[in-house]
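Visitor: What shape does this take:
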Amino acid sequence: MRAVQFTSFGGPEVLRIADGDVPAPGPDEILVRVAGAGVNQLDTKIRAGAMPQGRPAAFPLGTGVDAAGAVTAVGPGVTGVAVGDGVFGTGRATMA
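Guide: Modelled structure (predicted):
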């Protein structure tokens, strides 16, 4: 899988394309083959380190919270969606 990631906070210059393993969905999660992802203000704030401190950043971090695509796997406890369904919404590291 290819993903847009960053290993330090900053502007767009910190973004890199990285290869990695396809993640497995956890409980109540789905895995989506992203067909389109948007960039919004939240993405830039997270990348800049401008969000309130909740938990420490564990770099590398993926970027993106908005996406549309097709479900490729479902985790335990998922109902109402199946592999092959088209979906859109918010998630984690959606630019992958």
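
Visitor: list the contacts for the closest residue to residue 6 other than its chain neighbours?
Guide: Distances taken as CB to CB, 6 or more residues apart in numbering put residue 14 closest to residue 6, at 4.4 Å, once the chain neighbours are dropped. Backbone N, C-alpha and C define where each C-beta goes, glycine included. Contact partners of residue 14, counting by CB atoms under 8 Å, 6 or more residues apart in numbering, are 6, 7, 8, 47.

Visitor: From the residues you listed, pick the one nearest residue 88.
Guide: residue 47 (22.1 Å; CB to CB).

Visitor: helix, strand or coil for the closest one?
Guide: Here residue 47 is recorded as helix under DSSP: H, G, I helix; E, B strand; the rest coil.

Visitor: isn't it right up against residue 4?
Guide: No. Counting by CB atoms under 8 Å, residue 47 stays clear of residue 4, with 9.9 Å between them.

Visitor: Look up how far residue 77 lies from residue 96.
Guide: Distance, residue 96 to residue 77, by CB to CB, to the nearest Å: 23 Å.

Visitor: Pick out whichever of the two has more residues nearby.
Guide: residue 96 (23 against 9; other CB atoms under 10 Å).

Visitor: ok, for that one, nearest residue in space, not its chain neighbours?
Guide: Per CB to CB, 6+ apart, closest to residue 96 is residue 3, 3.6 Å.

Visitor: can you pull the contacts of that neighbour?
Guide: Here residue 3 is in contact with 17, 18, 20, 62, 93, 95, 96 (CB under 8 Å, 6+ apart).

Visitor: what is the mean pLDDT for stretch 78-94?
Guide: Mean pLDDT, stretch 78-94: 96.

Visitor: For it, buried residues please.
Guide: 91, 93, 94 (16 or more other CB atoms under 10 Å).

Visitor: And for residue 64, the neighbour number?
Guide: Residue 64 is flanked by 22 other residues according to other CB under 10 Å.

Visitor: And it, how far from residue 47?
Guide: Per CB to CB, residue 64 is found 10 Å from residue 47.

Visitor: ok, now residue 79?
Guide: Distance from residue 79 to residue 47, by CB to CB: 33 Å.
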